[in-house]
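Participant: Sequence first, then the predicted structure, then my questions.
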Amino acid sequence: MPEATEAWLEIGFGGGEHMAAQAGRHPHALIIGAEPFVNGVASAVRHIEERALRNVRIHEGDARDVIGWLPDACLTRVFIMFPDPWHKARHNKRRLIQPAVVTELARVLKSGGRLRFATDWADYAEWTIERVLADPAFRFESETADRNAPPADHVTTRYEEKKLGDCAPVFLDFVRV
Ligand SMILES: C[S@@+](CC[C@H](N)C(=O)[O-])C[C@H]1O[C@@H](n2cnc3c(N)ncnc32)[C@H](O)[C@@H]1O
């Protein structure tokens, strides 16, 4: 998209509601979405067509592959909205947020770029703060001290509406130093 002034990435967009709404609000941003769930991709395509969006590109598959293909310092924003919680201790290792993924996100984000993570599982919020801030490339920068306050530009997601977690949604914004 030649007119794009920035590139964003949404990891695990589910039904694509958040991605499509953000793309509609930010036509200057090229939004890459990655999602392996085929029904989610079909839903996202419907949202994109209904809104006649031209600034979304979809990868039907693992976001970690997309990240690996990206050059250094190319993204302004990354969204990880309500990733699979894998809340049983023996499944924690399946969580998306792992030190190697954090390192890769630091590589592809521009300085000043932002990573937004949301979850309604208290333990995953703490897990993520610990792992993201363990990387000196990131610092914490949320709009308010209240982590349960949705950021001004937040769009409610389908998973969020289901309220399946063990706490109110937590929103974490990190800045790439
Ligand atoms: C709990 S759902 C949340 C979906 C959406 N973000 C929402 O809030 O409604 C997590 C999504 O992440 C997707 N996902 C899991 N691992 C992924 C990966 N490695 N790359 C991209 N998407 C992934 C799943 O298929 C699922 O649709």
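Facilitator: Received the coordinates, thanks.

Participant: Give me the contact list for the biggest strand by length in the chain.
Facilitator: Longest strand in the chain by number of residues (criterion: DSSP state E): strand 109-119. Here strand 109-119 makes contact (CB atoms under 8 Å, 6 or more residues apart in numbering) with 73-83, 85, 97, 105, 125, 128, 132, 137-138, 141, 151, 154, 157, 160, 165, 169-177. In short, each C-beta sits where N, CA and C put it, glycine included.

Participant: Tell me which helix or strand comes right after it.
Facilitator: Under the assignment DSSP states H and E, the closest C-terminal helix or strand after strand 109-119 is helix 122-133.

Participant: how about that following helix: buried residues?
Facilitator: Residues Tyr124, Ala125, Trp127, Thr128, Ile129, Arg131, Val132 are the ones in helix 122-133 that count as buried (16 or more other CB atoms under 10 Å).

Participant: hang on, isn't the fifth one packed against Leu172?
Facilitator: Yes: look at Ile129 against Leu172 with CB atoms under 8 Å: they come within range, at 6.6 Å.
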